[in-house]
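A.B. asks: below are the sequence and a predicted model; questions follow.
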Amino acid sequence: MTHLFDQRPARRDFLQAAGSLGLSVLAGPLAAQSGSTRAAPDLVLHNGRISTMDSAQPDASALALKDGLVLAVGTDAEIVPLADAQTRVVDVERRRVIPGLTDSHTHVIRGGLNYNLELRWDGVRSLHAALDMLKAQARVTPPPQWVRVVGGWNDTQFAEKRLPTLKEINDAAPDTPVFVLNLYNQAFLNRAALRAVGYTRDTPQPPGAIIERDGNGEPTGLLLAEPNAFVLYNTLAKGPKLSPEDQINSTLHFMREENRLGVTSVGDAGGGFQNYPDDYQIIDRLAKEGRLTLRFAYNLFPQKAGAELADMQRWVATGRPGDGSDMYRLNGAGEMLAFSAADFEDFLVPRPDMPAAMEPDLEAVVRFLAGNGWPWRMHATYDQTVSRALDVFEKVHRERPIDRLGWFFDHCETVSPRNLERIKRLGGGIAVQNRMSMQGEAFVRRYGKAAVAETPPVKRMLEMGLPVTLGTDATRVNSYNPWQALYWLVSGRSIGGTVLYPEERRLDRRAALGLMTADGAWFSRDSGRKGVLRPGALGDVAVLDRDYFSIPEDQIQDIVSVLTVVAGQVVHGSQRFAGLAPPLPPASPSWSPVRTFGGYQARQRASGEEDRRYHYAAACACRAACSLHGHKHLLAASTRVPALDAPAFWGALGCSCYV
């Protein structure tokens with residue numbers, strides 16, 4: 001039997017081996033830069049099916065990493081002999097190996113501050129199970145804390161194909177405040193949460209939103225964005241926060257959760273109620289302490305409507321794009337540039353018309369950024385918004401060229417062919433996300449089946465030669481699971497199974513993967529360095545639990561990584577590789593939903609099994625505790641069982657929750 005890893009003695013001097021094998025390797029310059037006199041790799045992965053995403057050498061079976069970079073790629077016979085006694089050599093047992101994924105549009109900095117507070121319904125396929133989770137979490141959440149379900153799910157993912165009712169939420173948690181966010185469309189507050197935030201019959205209706213009321217004028221607990229999501233942001237912000245130390249723990253756990261899904265790099269797009277620099281102190285500290293397990297390219301978001309230019313002037317005075325390191329650096333401005341230019345992606349309501357102030361507000365910011373060499377990203381859902389923004393960009397470009405800045409739009413669900421041509425002429429790119437996998441059904445109901453066929457027109461963008469990348473827009477509008485995004489592009493389906501795109505407008509698996517690896521590197525100015533496995537590239541790798549290129553299409557959304565490497569260091573391991581990753585401290589505080597449920601919930605294979613387990617766990621009246629979980633049977637219900645080690649897990653000294 002092949003060992004998981006072994007320390008192999010050096011067979012010959014590394015450079016002699018490389019020369020004799022004819023390998024292209026990163027040698028002397030790297031050793032000189034790192035101060036290391038040792039030439040052998042730090043880590044070798046072999047016996048794999050490696051998709052390098054490098055057209056010069058697309059496939060390999062082994063790779064070597066040194067000092068955080070890819071040293072060499074080739075066959076086992078070429079790479080394994082390069083190891084010396086200090087090299088960790090890992091047999092990946094014929095698994096698919098890819099460059100670590102980049103989620104080019106997400107909100108991990110904000111999400112990390114709150115991850116340990118949030119009960120995630122991402123991936124849950126039964127509303128009954130979701131409500132049982134809510135009920136169990138309410139029992140252990142101490143006052144004044146809330147139970148928060150903050151995005152990443154929708155009603156079509158549930159077998160019941162419906163949203164929860166306010167009665168169900170109040171029955172599940174009669175005394176603990178509960179806030180349940182459904183996309184940026186609506187939020188459900190139980191009676192305890194209404195009391196906590198102070199919403200009464202005297203509370204005025206917020207602009208662009210609705211606080212639903214009963215016949216007596218009392219708030220029911222339903223908040224509706226019509227279409228302004230400010231009331232949702234503002235209400236959520238009223239909840240208690242974690243302590244700074246718990247925020248550190250929370251961010252570490254969220255990064256590890258991303259690593260578990262094969263993500264090694266993110267484009268952080270700022271976000272509402274995410275204040276700079278205050279809300280960046282935790283991520284700054286982790287970066288300085290060398291504790292990041294994701295690479296961050298972050299954009300700065302203006303703080304206040306009417307003061308966007310002043311904010312940009314402050315950012316420009318204190319830094320420049322590229323400041324920082326390969327692990328944590330400033331990428332530019334956005335995704336919002338001017339509050340008057342931000343449309344909303346709520347397809348339950350009509351498209352909003354941007355105000356007349358959009359153009360002058362946007363021009364002031366873009367002109368200033370262009371004059372200072374700052375790239376930007378800009379949120380734009382609808383073609384009408386894209387068109388008006390391009391009018392501004394073209395005007396600025398005539399005086400201050402922007403075609404080499406690396407600017408791009410985010411979203412662009414309904415962008416037209418004409419505006420794609422305009423974007424290309426101005427040197428821009430487009431970052432797309434799988435928001436339609438969560439909202440496709442709502443779009444079809446409002447605009448019709450024909451209109452949904454290219455929302456967004458990703459294949460057309462690629463055929464035109466535009467830079468394109470793929471992200472999730474997690475954690476509120478969408479789930480952070482990148483494999484849902486890849487499944488969406490390949491299958492053309494929503495998370496609820498609705499066919500959105502005809503076959504000819506879908507992407508093949510390699511093209512889709514490219515948008516989260518090699519092709520997406522343009523958006524952080526890392527082309528050729530990130531998202532590829534070739535000598536000199538960043539040493540970020542994901543070893544998958546199943547073969548992305550050959551599994552049935554429906555299973556793409558279930559992929560996880562069993563071994564994730566960032567900058568040459570193992571940051572996540574499971575199954576046979578669990579012992580290679582450094583341990584994390586338990587999620588804090590002790591009542592955190594992450595301790596019981598984790599994050600993204602894997603789909604259950606057996607029909608009804610998930611419901612039964614949650615039902616039995618919630619009704620615990622055991623005389624004796626399980627030797628593995630104690631009386632935390634909901635933890636067992638949601639634990640991802642390591643199938644290869646099932647005898648140990650379920651044995652006499654293991655779990656007895658269901659015996």
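C.D. replies: Thanks, I have it.
A.B. asks: all the strands of the stretch 1-150 of the chain, in order from the start?
C.D. replies: 5-7, 43-46, 49-51, 59-60, 62-66, 69-74, 88-91, 96-99, 101-106, 147-150 (DSSP state E, counting those that start in this stretch).
A.B. asks: out of the ones you listed, which one sits most buried?
C.D. replies: Mean neighbours per residue, mean count of other CB atoms under 10 Å, is largest over the strands of the stretch 1-150 of the chain for strand 101-106, with a mean of 29. In this view, the C-beta of every residue, glycine as well, is placed from N, C-alpha and C.
A.B. asks: now what about that one, what contacts it?
C.D. replies: Outside of strand 101-106, the residues within contact range by CB atoms under 8 Å, 6 or more residues apart in numbering are 258, 261-269, 335, 377, 410, 431, 433, 469-475, 480, 482, 516-517, 520-521, 523-524, 530-531, 542.
A.B. asks: rerun that using 6 Å as the cut-off
C.D. replies: With CB atoms under 6 Å, 6 or more residues apart in numbering as the test, strand 101-106 has contacts from 262-263, 265-267, 269, 410, 431, 433, 469, 471-474, 482, 516, 520, 523, 531.
A.B. asks: export the strands of the stretch 1-150 of the chain to TSV and tack on mean pLDDT and distance to Glu118?
C.D. replies: Converted to TSV, those look like this (pLDDT from 0 to 100; distance: least, CB to CB, whole Å):
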stretch	mean pLDDT	distance to Glu118
strand 5-7	45	35
strand 43-46	98	34
strand 49-51	98	33
strand 59-60	98	39
strand 62-66	98	34
strand 69-74	98	35
strand 88-91	98	33
strand 96-99	99	28
strand 101-106	98	15
strand 147-150	98	5
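A.B. asks: out of those, the one nearest Ala587 is which?
C.D. replies: Minimum separation from Ala587 across those (CB to CB) falls at strand 147-150, 14.6 Å.
A.B. asks: report all helices and strands that the closest one contacts.
C.D. replies: strand 178-182 (3 or more CB pairs under 6 Å, 6 or more residues apart in numbering; DSSP states H and E).
A.B. asks: which neighbours does the strand it packs on have in its sheet, and in what orientation?
C.D. replies: In the sheet, strand 178-182 lines up against strand 147-150 (parallel), strand 186-189 (antiparallel) (DSSP bridges).
A.B. asks: ok, which stretches of the stretch 151-300 of the chain are strands?
C.D. replies: Using DSSP E, counting those that start in this stretch, the strands of the stretch 151-300 of the chain run over 178-182, 186-189, 209-213, 219-225, 263-268, 295-300.
A.B. asks: return the most buried member of those strands.
C.D. replies: Mean neighbour count (mean count of other CB under 10 Å) peaks for strand 263-268 among the strands of the stretch 151-300 of the chain, with a mean of 28.
A.B. asks: so how far is it off the chain centroid?
C.D. replies: Using CA atoms, centre = their mean, to the nearest Å, the distance from the centre of strand 263-268 to the centre of the chain it belongs to is 7 Å.
A.B. asks: tabulate the strands paired with strand 178-182 (a markdown table), appending distance to Arg509.
C.D. replies: A markdown table is the format used below for these (distance: least, CB to CB, whole Å):
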| stretch | distance to Arg509 |
| --- | --- |
| strand 147-150 | 31 |
| strand 186-189 | 35 |
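A.B. asks: so which helix or strand of this structure has the lowest pLDDT on average?
C.D. replies: Within the chain, no helix or strand scores below helix 28-34, which has a mean of 34 by mean pLDDT, DSSP states H and E.
A.B. asks: in the chain, what spans have low per-residue confidence?
C.D. replies: Residue ranges of the chain with pLDDT under 70: 1-36, 604-659.
A.B. asks: okay if I get the strands of the stretch 1-150 of the chain as CSV plus distance to Gly406?
C.D. replies: CSV is the format used below for those (distance: least, CB to CB, whole Å):
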stretch, distance to Gly406
strand 5-7, 40
strand 43-46, 32
strand 49-51, 26
strand 59-60, 30
strand 62-66, 28
strand 69-74, 23
strand 88-91, 36
strand 96-99, 21
strand 101-106, 13
strand 147-150, 31
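A.B. asks: and Arg329, which of those is closest to it?
C.D. replies: Between Arg329 and the strands of the stretch 1-150 of the chain, the shortest gap by CB to CB is with strand 101-106, which sits at 13.8 Å.
A.B. asks: excluding chain neighbours, what is closest to the residue sitting nearest the centre point of the chain?
C.D. replies: The chain has Tyr480 as the residue nearest its centroid, 3.6 Å off, counting by CA atoms, centre = their mean. Of all residues not flanking Tyr480 in the chain, Ala474 sits nearest, at 3.5 Å (CB to CB, 6 or more residues apart in numbering).
A.B. asks: the one you found reaches Pro482, doesn't it?
C.D. replies: No - taking contacts as CB atoms under 6 Å, Ala474 lies outside contact range of Pro482: 9.0 Å.
A.B. asks: how close does the residue nearest to Tyr480 get to His105?
C.D. replies: With distances taken as CB to CB, to the nearest Å, Ala474 is found 9 Å from His105.
A.B. asks: for Asp84, same thing?
C.D. replies: Separation of Asp84 from His105 (CB to CB) stands at 41 Å.
A.B. asks: please apply the same query to Pro321.
C.D. replies: Relative to His105, Pro321 is positioned 17 Å away (CB to CB).
A.B. asks: tell me which of the strands paired with strand 178-182 lies nearest to Asn299.
C.D. replies: Once the strands paired with strand 178-182 are compared by CB to CB, strand 147-150 is nearest, at 21.2 Å.
A.B. asks: with only the CA atoms kept, save that closest one in PDB.
C.D. replies: C-alpha atoms of strand 147-150 as PDB (Å, rounded to 0.1, in the frame of the first residue of the first chain):
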ATOM      1  CA  VAL A 147     -29.900  33.700  15.300                       C
ATOM      2  CA  ARG A 148     -28.900  35.000  11.800                       C
ATOM      3  CA  VAL A 149     -29.500  33.200   8.500                       C
ATOM      4  CA  VAL A 150     -27.800  35.700   6.200                       C
END
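A.B. asks: ok, residues contacting that strand?
C.D. replies: Contacts of strand 147-150 (CB under 6 Å, 6+ apart): 117-119, 121, 137-138, 141, 176, 178-181, 476.
A.B. asks: at 8 Å what do you get?
C.D. replies: By CB under 8 Å, 6+ apart, the residues outside strand 147-150 that reach it are 114, 117-121, 130, 134, 137-138, 141, 173, 176-181, 236, 239, 475-476, 593.
A.B. asks: hang on, Val562 in a helix?
C.D. replies: No - applying DSSP: H, G, I helix; E, B strand; the rest coil, one finds Val562 to be strand, outside a helix.
A.B. asks: list phi and psi for Ala341.
C.D. replies: For Ala341, the backbone dihedrals (degrees, to the nearest 10) come out as phi -110, psi 10.
A.B. asks: if anything else comes up later, I'll come back, but that's it for now.
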